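Colleague: how does the following fold in three dimensions:
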Amino acid sequence: MTQTAPTLADELLEAHVKYELNALKGAKLKKFLHQEVDELLELAGTVTLERVISAGQVKGLIQRVVVDMELDAGLPELAAELATEVLNAPVQNEVRLGDILSREQASGFVEQALELRHQRERVISEIMVHPVYQELVSNVVYHGLVNYLYEDNLITRSVPGVGSMMKFGKKMANKAVPGLDETFERRIKAWLSDSLPGLIARSEQFLHKALSDDELRDSVMAAWVSLEDRTMAELQDGLGDVQLQEFVVLGYEFWLHFRKTPYFEGCVQVVVEGLYARYGHQPVMTLLTDIGVTREVIVTELETVGLPLVDLLREEGYLEALLRRRLAPFYRSAAAKKLLAGRT
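Modeller: This is a model prediction of the structure:
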């Protein structure tokens, strides 16, 4: 069976593919990338952000990718496994807290937190009026008072045998008048109930005074000094793999709910509109410069990641197949055949 002789179009296709493959490697590819980066950055200096992508398109992208995209059920399991690997990594025993956050940085965070004086006072006030705190105060005062009356007052400590006599008298009185203990307790608690608002108000005044800026600063920084030389593993002591995985799952479930809330939608709206109010009419290069994306940054990443990726695609045969898929239809088109026929 005779083989069909290759046509001029076939020969041109082979030559073109070979040329492109040779151009997409080594120094030629590197030179090409540098040239194209320069061309794109020059274009970015004239084309505005809203021409490249509109605010509506960005919102739509966030809606599709962040809000609506269904995440596979295996994602939290993977995240939990990786978090466990991080928790058990050798680096946890090698790095101190102070290596991650310096004392100066911690002090800066404290100073900023101290500026939130109104919020601090509001939190204290809200804690004071909480039923759990009021019950705590009531119980502490009640048990302290009862303990003082029967065991720890000046008379029982100074006069031998008085404490025992008081306890004995209490037992005898309860036998003689059943329910006396309950009546006594009820009256003390009734007194506490009447006195509680004043106790709470004095507690709040005390906390406002005790939690002054200087006291808080000294307390927090003293705690920091005691912790900064401890390793991350020591700080995580007691947090086992199971607990960590449960926290990861809880965080994942929270994110699934949070991303669909009106609050998240409102935040996205404000951020995107704020971004476009500032940069929408500006050249793309202005935004890139403000966020620190320079030519050097782009070129470094292209050479570090892009060049090895192209080499891999060429070695695996993908690049040649791509070129053939792209070029072959042209060389086999009627237009190309007509042009080539006119040259023969």
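Colleague: following the least confident helix or strand in the chain by mean pLDDT, which helix or strand comes up?
Modeller: Taking mean pLDDT, DSSP states H and E as the measure, the chain has helix 162-176 as its least confident helix or strand, at a mean of 46. For helix 162-176, the succeeding helix or strand toward the C-terminus, using DSSP states H and E, is helix 180-210.
Colleague: which residues in the stretch 51-200 of the chain form helices?
Modeller: According to DSSP state H, counting those that start in this stretch, the stretch 51-200 of the chain carries its helices in the segments 55-62, 74-87, 97-100, 103-114, 117-128, 131-147, 154-158, 162-176, 180-210.
Colleague: any idea which of these gets closest to residue 249?
Modeller: helix 74-87 (5.1 Å; Cβ to Cβ). In this view, the C-beta of every residue, glycine as well, is placed from N, C-alpha and C.
Colleague: skip the chain neighbours and tell me the closest residue to residue 322.
Modeller: In space, and not counting its chain neighbours, residue 322 is closest to residue 313: 7.8 Å by Cβ to Cβ, 6 or more residues apart in numbering.
Colleague: please export the C-alpha coordinates of whatever helix or strand the one you found lives in as CSV.
Modeller: Here residue 313 sits within helix 307-315, counting by DSSP H and E. Taking Å, rounded to 0.1, in the frame of the first residue of the first chain, the C-alpha atoms of helix 307-315 are listed here in CSV:
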residue,chain,number,x,y,z
LEU,A,307,9.6,27.9,33.2
PRO,A,308,9.7,24.5,35.0
LEU,A,309,6.0,24.1,34.2
VAL,A,310,6.6,24.7,30.5
ASP,A,311,9.5,22.2,30.6
LEU,A,312,7.3,19.6,32.2
LEU,A,313,4.5,20.1,29.6
ARG,A,314,7.1,19.8,26.8
GLU,A,315,8.6,16.6,28.3
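Colleague: which residues touch residue 276?
Modeller: By Cβ atoms under 8 Å, 6 or more residues apart in numbering, residue 276 lies in contact with 49, 50, 55, 58.
Colleague: can you pull the phi and psi angles for the first one?
Modeller: I take that to be residue 49. phi -60, psi -40 (degrees, to the nearest 10).
Colleague: can you list the helices of the stretch 51-200 of the chain in a markdown table and add distance to residue 288?
Modeller: Shown next, in a markdown table, are the helices of the stretch 51-200 of the chain (distance: least, Cβ to Cβ, whole Å):
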| stretch | distance to residue 288 |
| --- | --- |
| helix 55-62 | 16 |
| helix 74-87 | 31 |
| helix 97-100 | 30 |
| helix 103-114 | 28 |
| helix 117-128 | 37 |
| helix 131-147 | 53 |
| helix 154-158 | 77 |
| helix 162-176 | 80 |
| helix 180-210 | 49 |
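Colleague: quick one, which of those helices is nearest to residue 268?
Modeller: Within the helices of the stretch 51-200 of the chain, the stretch nearest residue 268 is helix 55-62; the backing value is 5.6 Å (Cβ to Cβ).
Colleague: show me what the closest one is packed up against.
Modeller: Under the contact definition 3 or more Cβ pairs under 8 Å, 6 or more residues apart in numbering; DSSP states H and E, helix 55-62 sits against helix 262-279.
Colleague: can you list contacts of the following helix or strand past the helix it packs on?
Modeller: Sequence order places helix 284-290 as the next helix or strand after helix 262-279, per DSSP H and E. Helix 284-290 has contacts (Cβ under 8 Å, 6+ apart) with 41, 44, 45, 47, 48, 49, 52, 279, 294.
Colleague: list the contacts for residue 251?
Modeller: Residue 251 touches nothing, counting by Cβ under 8 Å, 6+ apart.
Colleague: per-residue confidence for it?
Modeller: pLDDT for residue 251: 87.
Colleague: next up, phi/psi of it, please.
Modeller: When read as degrees, to the nearest 10, the backbone of residue 251 gives phi -60, psi -40.
Colleague: ok, it to residue 92 distance?
Modeller: In this view, residue 251 and residue 92 are 20 Å apart by Cβ to Cβ, to the nearest Å.
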